[in-house]
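A.B. asks: predicted model and sequence below, questions to follow.
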Amino acid sequence: MGKVYERIDGRLRKFIESQPVFFTATAPLAADGHVNLSPKGRTGTWRVLDERTVAYLDFGGSHAETIAHLRENGRITLMWCAFDGPPNIVRVHGTGEPVFRDDPRFAELAAGFGEADGPAVRAVVVVTAKLISDTCGFAVPFMDYREDRTLHAEHFGRKTDEQFRAYCDSKPHNHASIDGLPALPLPLPERL
């Protein structure tokens, strides 16, 4: 049965570090706003910074819902599921902050991801846990992981940073969320 934890260490850390995919959930404050749920899964793009803080690389795409919600209210939940081995679901409920490319903290944070840091990184999202819990996961199906998809990295790897910045500027839901909340600072700042 489910438990609440004070920190991400030992068994919890090993579990979340071994999962090939995780999910982020955010929502605006408005009652009629759209809840956002995003899968994240490129190898090496998230890490535990300390016992109550995790971070992940935010890559370019056609939307920036998570960033918009974090800029408005900071609320975020991260979830990892066991698709093989013993059943388990781990959630980190907390506050998140997008650290953009022109922030003095960005370079050091991004460097911690090693080779996973590459073309199309818009920000590093840093999440501070307020509640860490797990639940049984008995209903989560078994699924086999084959490999990462390389399409995103290959597509943006062919673009210069200037072309990537133009791409971000061209997408209407990078400027603002689908509910009209400010999302990415555009033009996207150059990397410091």
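C.D. replies: Received the coordinates, thanks.
A.B. asks: could you use CA atoms for every contact and neighbour count after this?
C.D. replies: Fine.
A.B. asks: and the longest helix seen in the chain, which residues are buried?
C.D. replies: Longest helix in the chain, counting residues (DSSP state H): helix 161-170. If you call a residue buried by 16 or more other CA atoms under 10 Å, then helix 161-170 has these buried ones: 161, 164-165, 167-169.
A.B. asks: likewise for stretch 166-184?
C.D. replies: Buried, per 16+ other CA under 10 Å, within stretch 166-184: 167-169, 173-178, 181-184.
A.B. asks: who touches it?
C.D. replies: For stretch 166-184, the external contacting residues (CA atoms under 8 Å, 6 or more residues apart in numbering) are 33-34, 60-65, 67-69, 71-72, 185-188.
A.B. asks: again with stretch 92-112
C.D. replies: 57, 67, 70-71, 74-79, 117, 122-133, 189-192.
A.B. asks: are any of those buried, and which?
C.D. replies: By neighbour count, with 16+ other CA under 10 Å, these hold 57, 67, 70-71, 74-79, 117, 122-129, 132-133 as buried.
A.B. asks: so where do the helices sit in this structure?
C.D. replies: Using DSSP H, helices in the chain cover 10-17, 65-72, 106-111, 151-157, 161-170, 172-175.
A.B. asks: give me the mean pLDDT for stretch 30-41.
C.D. replies: For stretch 30-41, mean pLDDT is 96.
A.B. asks: what's the end-to-end length of that stretch?
C.D. replies: Taking CA to CA, to the nearest Å, stretch 30-41 runs 29 Å from one end to the other.
A.B. asks: could you do stretch 53-68 as well?
C.D. replies: End residues of stretch 53-68 are separated by 20 Å (CA to CA).
A.B. asks: quick one: distance of it to the chain centre.
C.D. replies: The chain centroid and the centroid of stretch 53-68 are separated by 5 Å, computed with CA atoms, centre = their mean, to the nearest Å.
A.B. asks: can you give me the mean pLDDT across it?
C.D. replies: On average, stretch 53-68 scores 96.
A.B. asks: give me the contact list for it.
C.D. replies: Residues contacting stretch 53-68 (CA under 8 Å, 6+ apart): 24-27, 36, 45-49, 98, 110, 117, 120-129, 168, 171-178, 181-184.
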